[in-house]
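Novice: Turn this into a structure:
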Amino acid sequence: QVQLVESGGGLVQDGDSLRLSCAASGRSFSRPAMGWFRQAPGEEREFVAAITWNGGTVYYADSVKGRFTISRDNAKNTMYLQMNNLKPEDTAVYYCCWRPSAVASTSRAAYNYWGQGTQVTVSS
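Specialist: Predicted structure coming up:
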């Protein structure tokens with residue numbers, strides 16, 4: 001089992017920034033890829049960003065490119081999502097996820113473990 005705990009969500013205004021964190025613990029796997037997805041009310045969970053084990057390759061949804069930055073600190077078993085210039089349409093519950101592969105994926109089905117989510121609300 002892998003436990004993932006997200007933090008850093010909150011209520012902000014249009015144009016503000018937030019930094020989400022995801023702390024991983026539990027099952028040992030040497031090179032897991034990780035990602036962020038989000039789910040707005042009444043919507044499907046959608047891909048936001050993903051990162052390979054060594055951080056060498058990252059992927060972003062078109063809607064967040066240029067505004068969000070994914071990163072990780074493997075020494076701390078923690079992944080981050082820096083979100084700048086937030087917009088009301090970014091309002092959602094943000095979930096981090098983990099897969100036992102060094103290769104990241106943009107597919108929800110590729111991830112084995114998920115956190116409980118953290119709410120991000122952007123007011124206009």
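Novice: Residue 85: which element?
Specialist: Using DSSP states H and E, residue 85 sits in no helix or strand.
Novice: Can you report how many residues lie near it?
Specialist: Counted with other Cβ atoms under 10 Å, the neighbours of residue 85 add up to 13. C-betas here are computed from N, CA, C, even on glycine.
Novice: repeat for the one 3 residues further on
Specialist: Under the neighbour criterion other Cβ under 10 Å, residue 88 is assigned a count of 11.
Novice: Test my guess that it contacts residue 16.
Specialist: No: between residue 88 and residue 16 there is no contact under Cβ atoms under 8 Å: 11.3 Å.
Novice: Poorly predicted segments of the protein, please.
Specialist: Scanning the chain for pLDDT under 70 picks out the ranges 28-30.
Novice: So for this protein, the centremost residue is which one?
Specialist: The residue lying closest to the centre of the chain (Cα atoms, centre = their mean) is residue 36, at 2.3 Å.
Novice: Leaving out the residues flanking it, which one is nearest to it?
Specialist: Residue nearest to residue 36 in three dimensions, not counting chain neighbours: residue 48, with 4.3 Å by Cβ to Cβ, 6 or more residues apart in numbering.
Novice: quick revisit: now for residue 88 and residue 16: what residues contact both?
Specialist: Taking Cβ atoms under 8 Å, 6 or more residues apart in numbering as the contact criterion, the common neighbours of residue 88 and residue 16 are residue 122.
Novice: Could you pull up phi and psi at residue 78?
Specialist: Per-residue torsions, residue 78: phi -130, psi 140 (degrees, to the nearest 10).
Novice: Run through the bridge partners of the closest residue to it other than its chain neighbours.
Specialist: In space, and not counting its chain neighbours, residue 78 is closest to residue 23: 5.1 Å by Cβ to Cβ, 6+ apart. On the basis of DSSP bridges, residue 23 is bridged to residue 5, residue 78.
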